[in-house]
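Undergrad: This is a predicted model, with the sequence first.
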Amino acid sequence: MYVSTIILAAWALAGMVTASPLQAEVVQRQTQKKLRIMPLGDSITEITCWRAFVWDQLAEAKYADQVQYVGSQNSNPQNCKPSTANWDQHHEGHSGWLAIDIANSYITKWMQNTPADIVMFMLGTNDVFRGHSTNDIIAAYTKIVTTIRAASPKAKIIVDLVIPLSAGSNSAITALNAAIPAWAKGLNTTDSPIVIADCYTGFKTSDLRDGVHPSVAGDRVIASRIGPLLLEFVRQSLGK
């Protein structure tokens, strides 16, 4: 917990400040002794259902009461209906946003406001659309990881290979995905491991609902690649 959060909570209790609903929620969630998991990304994180299906896996493994999703967003735009009632809808998915912009302008604030023990991210699709090079995107990944670790030195990180598109830009997606393993290996540490969720291999473009975003079937594929890695990180973090 950060000192600023402690001070805010103390002042609020003393009647010295009136915390906004958002501030009050941040204080409440950060004082809970739960493992904090941040789903980080663009629209493929925000307006899809894989987050919900991964939560089902957490619930099935009996971890739902020991973990929480964190982020400045709290939404379910696709009206996802997982098997688990009252799944945690917090996340840091932002439709249309670039990895480069998140790295340069946003990730520091997000990690300060909602620090995470585990971060899982898929970013780069919008950067590719805008013509940014693989090197530029990988540099943004590095800055994101560095910022995550500055806030949470022992953060565990899951980086997803980007899913294919139904038309155009796939050569750039392929190039980005090809660069990720060596990049992840170079930044991997014992204290803050990085693992790769291969959401690309075997992902059918027929599992895209609009050529870019996964359908429910595609969401289940993504969840099947991310979920087992997340469960292992949760087990390690909880000592189980």
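TA: Cool, got the structure. It should be emphasised that the depicted structure is a prediction, and the values quoted were computed from it without experimental measurement.

Undergrad: From the chain's centroid, how far away is stretch 131-139?
TA: Distance, stretch centre to chain centre, for stretch 131-139: 20 Å (Cα atoms, centre = their mean, to the nearest Å).

Undergrad: In it, which residues are buried?
TA: Residues of stretch 131-139 classed as buried: His132, Thr134, Asp136, Ile137, Ile138, Ala139 (neighbour count, 16 or more other Cβ atoms under 10 Å). To be clear about C-beta, it is placed using only N, CA and C from the backbone, and glycine gets the same treatment.

Undergrad: CSV for those, including secondary structure, distance to Ser166 and pLDDT?
TA: Converted to CSV, those look like this (DSSP: H, G, I helix; E, B strand; the rest coil; distance: Cβ to Cβ, whole Å; pLDDT from 0 to 100):
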residue, secondary structure, distance to Ser166, pLDDT
His132, coil, 21, 98
Thr134, helix, 21, 98
Asp136, helix, 24, 98
Ile137, helix, 21, 99
Ile138, helix, 25, 99
Ala139, helix, 28, 99
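
Undergrad: Could I get those residues in TSV, plus columns for distance to Ser75?
TA: What follows is these, written out as TSV (distance: Cβ to Cβ, whole Å):
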residue	distance to Ser75
His132	27
Thr134	31
Asp136	29
Ile137	26
Ile138	29
Ala139	30
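
Undergrad: residue boundaries of the strands in this structure?
TA: 35-41, 67-69, 73-74, 90-93, 118-122, 156-160, 194-197 (DSSP state E).

Undergrad: how about these in TSV, adding distance to Trp50 and mean pLDDT?
TA: What follows is the strands of the chain, written out as TSV (distance: least, Cβ to Cβ, whole Å; pLDDT from 0 to 100):
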stretch	distance to Trp50	mean pLDDT
strand 35-41	9	99
strand 67-69	12	98
strand 73-74	15	96
strand 90-93	10	98
strand 118-122	9	98
strand 156-160	10	99
strand 194-197	10	99
